[in-house]
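A.B. asks: Pasting the sequence and the predicted model now:
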Amino acid sequence: MTYNATDIAVVGFAHAPHVPETFGTTNGVEMLAPCFTELYEKLGITKSDIDFWCSGSSDYLAGRAFSFISAIDSIGAVPPINESHVEMDAAWALYEAWVKLRSGQAQTALVYGFGKPSAGTLRQVLTLQTDPYLVAPLWPDAVSMAGLQARAGLDAGRWTERDMAEIAARSAADAARIGASATARTETDVDKLLAADYVANPFRAHDIAPITDGAAAIVLAVGDRARELTDRPAWLTGMAHYIDTPVLGARDLTVSDSTARAAKAAINGGATDFDVAELHAQYSHEEVILKEALGLNGSTRINPSGGALSGNPMFAAGLERIGFAAREIFNGNANRALAHASSGPALQQNLVATLEAK
């Protein structure tokens, strides 16, 4: 078998149902095991065919140290595996696996992420991501920090509450179409959405991603191995991530410089006429910022999966954006796709990946 280590593709994607709460444990085993089984069956492989494993999760979300070690129970003890982990969304675990494959150390990798935010007070737990000296002691919750960003854009005339409601309505319609919503949100009438009460001004309920338990997994493969595993691989043509300052008052919250820089590096001068883009927008206004930072044109379909506004499993939702973008290529609905993942408050850190059918 011959292969080029720079030819790496997504060949399989599976995710757990988007639910507000699962009775499983915080190590994600009950959600992950069916994802792995689905991938094995679809691709005709076994655990022994995976050269490298990499996961993304959060110990402070799980409420105990080294929670990812317990998650390995979903893989099994025999045969031994080559495994790594990142303490953030599994999109960054996929980045590590991509580097591993590019370096020639493996030909296949399975990347997975999981989170059970229903086990705690998610929006306060996420405060622990902030500056431990100046921000975290004030305990601003995640919605409040996003609200500062939304209000800045509204006051600057960058977007309107109707713009935000239209994004939420489209996400609800797409999620209902494919049955991917974690909530009962099915309202797509923009005027009715705008008539709802605020839950945290300027946010109404539809502007905020639901608390969602979930897990996701992706299989990567190199060159001819990818072509053996699927008829239409989604080739990763570029990937990059950048971070903005954690000091919220030291950056313009109405733009995302790190997303723009990641897009420039990932696209690397190529065309921006993507057929589809999966954006990890956890609040409705974030989609406006991301579309501008990515330079997307009007012909690109945004979040046909329903996006994070319909289901936002923490530490797996970013990986899902890559998986859903790849699925559009698997199904022949797209030839070029872009996927985006985010971490931290107010779009602090951003990853961009581009995928193509060759």
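C.D. replies: Done, it's in.
A.B. asks: All the helices of the stretch 201-350 of the chain, residue numbers only.
C.D. replies: 223-229, 257-267, 284-294, 317-330 (DSSP state H, counting those that start in this stretch).
A.B. asks: In terms of secondary structure, what does the longest one contact?
C.D. replies: Which is helix 317-330. strand 8-15, helix 90-102, strand 108-115, strand 214-222, strand 234-243, strand 276-278, strand 336-343, strand 349-356 (3 or more C-beta pairs under 8 Å, 6 or more residues apart in numbering; DSSP states H and E). Quick note: C-beta positions are derived from backbone N, CA and C, even for glycine.
A.B. asks: Can you tell me which of those is nearest to Met145?
C.D. replies: strand 336-343 (13.0 Å; C-beta to C-beta).
A.B. asks: separation between the residue nearest to the spatial centre of the chain and Asp7?
C.D. replies: In the chain, the centroid-proximal residue (C-alpha atoms, centre = their mean) is Gly318; its distance is 1.0 Å. Relative to Asp7, Gly318 is positioned 23 Å away (C-beta to C-beta, to the nearest Å).
A.B. asks: again, but for Ala271
C.D. replies: 19 Å.
A.B. asks: Compare the two (neighbour count), which wins?
C.D. replies: Set Ala271 next to Asp7 and count neighbours by other C-beta atoms under 10 Å: Asp7 wins out with 20 against 8.
A.B. asks: these two touch, right, the more buried one and Ala226?
C.D. replies: Yes - counting by C-beta atoms under 8 Å, Ala226 is a contact partner of Asp7 at 7.3 Å.
A.B. asks: what residues are shared contacts of the two?
C.D. replies: Residues touching both Asp7 and Ala226 (C-beta atoms under 8 Å, 6 or more residues apart in numbering) are Trp235.
A.B. asks: hmm, back to that, Ser171 is nearest to which of the helices of the stretch 201-350 of the chain?
C.D. replies: helix 284-294 (8.0 Å).
A.B. asks: between the closest one and strand 336-343, how many degrees?
C.D. replies: Helix 284-294 and strand 336-343 are oriented at 120 degrees to each other (axes from the mean of the first three to the mean of the last three C-alpha atoms, to 10 degrees).
A.B. asks: okay, the angle between helix 284-294 and helix 257-267?
C.D. replies: Per the same axes, to 10 degrees, the angle that helix 284-294 makes with helix 257-267 is 50 degrees.
A.B. asks: follow-up on the earlier one: the residue nearest to the centre of the chain reaches Ala93, doesn't it?
C.D. replies: No - look at Gly318 against Ala93 with C-beta under 8 Å: they stay out of range, at 9.6 Å.
A.B. asks: hey, what's in contact with both of the two?
C.D. replies: Common neighbours of Gly318 and Ala93 (C-beta under 8 Å, 6+ apart) are Gly113.
A.B. asks: Any chance of the backbone angles for Val78?
C.D. replies: The phi/psi pair for Val78 (degrees, to the nearest 10) reads phi -130, psi 130.
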